[in-house]
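>>> here is the input, now give the coordinates:
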Amino acid sequence: MAGPIDIPKSDRDLERTVADMLLGPFQRFMKFEAAGGVLLIVCALGAMIWANSSQSEHYLALFYETKVRVGFGEWGLEKALILWINDLLMAVFFLLVGLEIKREVLVGELRSPKKAALPIAAAIGGMAIPGAIYALVNMGHGSMSGWGVPMATDIAFALGVLALVGSRVPVSVRIFLTSLAIVDDLGALLVIAVFYTESIGMDYLGKAGIVLALMMVLNVMGVRRLVVYLLLGVVVWYFVLKSGVHATIAGVLVAMTIPARTRVDQLRYSSFVRSMLDRFDADSRGEQKSWTTTKQQSAVLAIEDAGHKVETPVRRLEHTLIPWVAFAILPVFALANAGVSIGGGAVEADAGDGSLWTNRALWGVVLGLLIGKPVGVFGFAWVAQKLGIGMLPEGASWCHVFGAAWLSAIGFTMALFIANLAFADAADLDAAKIGVLGASVVAGVVGLLILMMGKTAETD
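This is a model prediction of the structure:
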């Protein structure tokens, strides 16, 4: 029998299956999240060390006392650096979240009611149970306002930890966790908009609505240039900020207006690319050469232009934002917000609770994340499957779902963000941040260990 054919590496690269090509963007996203997660950890640790060192006053001066002014006249804004980070940079993060939500609803797991039911049910449980546990711990105390903190999942960290497991976990589990986190983010956005907005300026909100309506009209008219939507998006962000609604909500609203349709249909694209490939091959004349003719270059450029037209603006903007968010925005957010003074700071000076370890905000967050999240996510998913509402991810076991439930307890970015909105008291804010950081580390380690021991459904 003849031995296997030795295929050159360059040719093997072309032998990708349709599944490989479809999952390629998702796999690249996972790599970004894994690397971005490491950078997040480094920045968070750096912030903690900096805030508890002899140079802590410089940390506070940089982020809380440094004022930055942008704009001119009555259109100018002057804010502390940390507010620019939390209001403007995080609006870009929420723009990416909005794009992910839109994509999942239109063409992803959330498009199919049967497939979407399990992560939606899990996300509801992962928000309701942690919030209830926090409320029970803090009932009747001023720290009650932080009930929304343990409800959030950090999709960057969760997927980053999941990427460390590698092929031990079916791709369906990654899709389940991604869908769960996206629904969770949507819930967090609603909580921020409804419960953490003190007052609403309806005039500014109306102006934001008018600009958003204009963007929707441009979408319907077929305008696909992203720069138009991004410039108008900045105007929406300004009006939402001035309205009193948290400015990051503008990111999600703008995402909903970004075109999600291709300029050319799939059959037209496929037929055109084949004709260009035929033209390319016809001019090669069977020769093995490292250079291309003018006609071949023309065919290559035509295929590239067609690829640009068949790619949706939503997908293009999403791919553009992923590295910026993973490697710049979230690390800067972590550096600015994770710097909590553990000893001798506001927490220790809290006269009501006496010390960090008796602070109710701390324990509400810790118990909400480490008990409420796993129980809520796993429990609601199990009930949905038993009732026939949802279906277990293909090739996954309940052990995988339980491990994913623990990873959903990694709150970090979203939890820190909500904590900044929820607490006016510095002691409760610092305690909540410590609770978020500690619980996120524990949840990540436990979830990783569970998933490493998990088996596929077929071998259970």
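
>>> use CA for all of it now, contacts and neighbours both
Noted.

>>> distance from the chain centre to stretch 422-438, please.
22 Å (C-alpha atoms, centre = their mean, to the nearest Å).

>>> and it, what's its mean pLDDT?
Across stretch 422-438, pLDDT averages out at 89.

>>> and if you look at stretch 394-410?
pLDDT averaged over stretch 394-410 gives 91.

>>> name the SS class of Gly209, please.
Under DSSP: H, G, I helix; E, B strand; the rest coil, Gly209 falls in the helix class.

>>> tell me the pLDDT of the residue lying closest to it once chain neighbours are set aside.
Nearest non-adjacent residue to Gly209, counting by C-alpha to C-alpha, 6 or more residues apart in numbering: Val236, 7.9 Å away. Among the per-residue scores, Val236 holds a pLDDT of 94.

>>> hang on, Val236 packs against Gly206?
No: with contacts counted by C-alpha atoms under 8 Å, Val236 stays clear of Gly206, the gap being 10.3 Å.

>>> looking at the two, which one has more neighbours?
Shown here are Val236 and Gly206; by other C-alpha atoms under 10 Å, Val236 has more neighbours (26 against 14).

>>> is that one in a helix, a strand, or coil?
When classified by three-state DSSP, Val236 comes out as helix.

>>> ok, it - contacts?
Contact partners of Val236, counting by C-alpha atoms under 8 Å, 6 or more residues apart in numbering, are 207-209, 211-212, 250, 254.

>>> so which of those residues wins on neighbours?
Using other C-alpha under 10 Å as the neighbour criterion, Ala250 leads the contacts of Val236 with 28 neighbours.

>>> please identify the helix or strand for that one.
For Ala250, the host element (DSSP states H and E) is helix 249-255.

>>> from the chain's centroid, how far away is that helix?
For helix 249-255, the distance to the chain centre is 14 Å (C-alpha atoms, centre = their mean).

>>> and what of stretch 120-136?
On C-alpha atoms, centre = their mean, the centre of stretch 120-136 falls 19 Å from that of its chain.

>>> Val254 reaches Leu96, doesn't it?
No: Val254 is beyond contact range of Leu96, at 10.1 Å (criterion: C-alpha under 8 Å).

>>> and Leu231, how many neighbours?
10.

>>> checking my notes, it in a helix, right?
Yes: when three-state DSSP is applied, Leu231 is found to be in a helix.

>>> tell me the pLDDT of it.
At Leu231, the model reports a pLDDT of 95.

>>> let the chain start at 42 from now.
Sure, I'll start counting at 42 from here, so that last one is Leu272.

>>> relative to Ala204, how far out is it?
35 Å (C-alpha to C-alpha, to the nearest Å).

>>> over to Arg265?
Going from Arg265 to Ala204 by C-alpha to C-alpha gives 34 Å.

>>> now Thr361
Distance of Thr361 to Ala204, computed by C-alpha to C-alpha: 21 Å.

>>> point out where the chain drops to low pLDDT.
Counting by pLDDT under 70, the chain shows low-confidence ranges at 42-76, 150, 304-306, 326-332, 347-351, 384-397, 495-501.

>>> can you list the domains in it?
Following automatic domain parsing, the chain resolves into domains at 97-302+353-500, 307-326+333-344.

>>> tell me which of the ones you listed sits most buried.
Ranked by mean neighbour count, these are led by domain 97-302+353-500 with a mean of 20 (mean count of other C-alpha atoms under 10 Å).

>>> centre of the chain versus it, how much separation?
In terms of C-alpha atoms, centre = their mean, the centre of domain 97-302+353-500 is found 7 Å from the chain centre.

>>> can you show me the strands along the chain?
Assigned by DSSP state E, the chain shows strands spanning 108-111, 118-121.

>>> would JSON lines of these with distance to Leu227 be doable?
Converted to JSON lines, the strands of the chain look like this (distance: least, C-alpha to C-alpha, whole Å):
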{"stretch": "strand 108-111", "distance to Leu227": "30"}
{"stretch": "strand 118-121", "distance to Leu227": "27"}
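
>>> what's near enough to touch Ala288?
Counting by C-alpha under 8 Å, 6+ apart, Ala288 touches 128-129, 132, 278-279, 281-282.

>>> one more: Leu371?
Contact partners of Leu371, counting by C-alpha under 8 Å, 6+ apart, are 81, 131, 134, 454.
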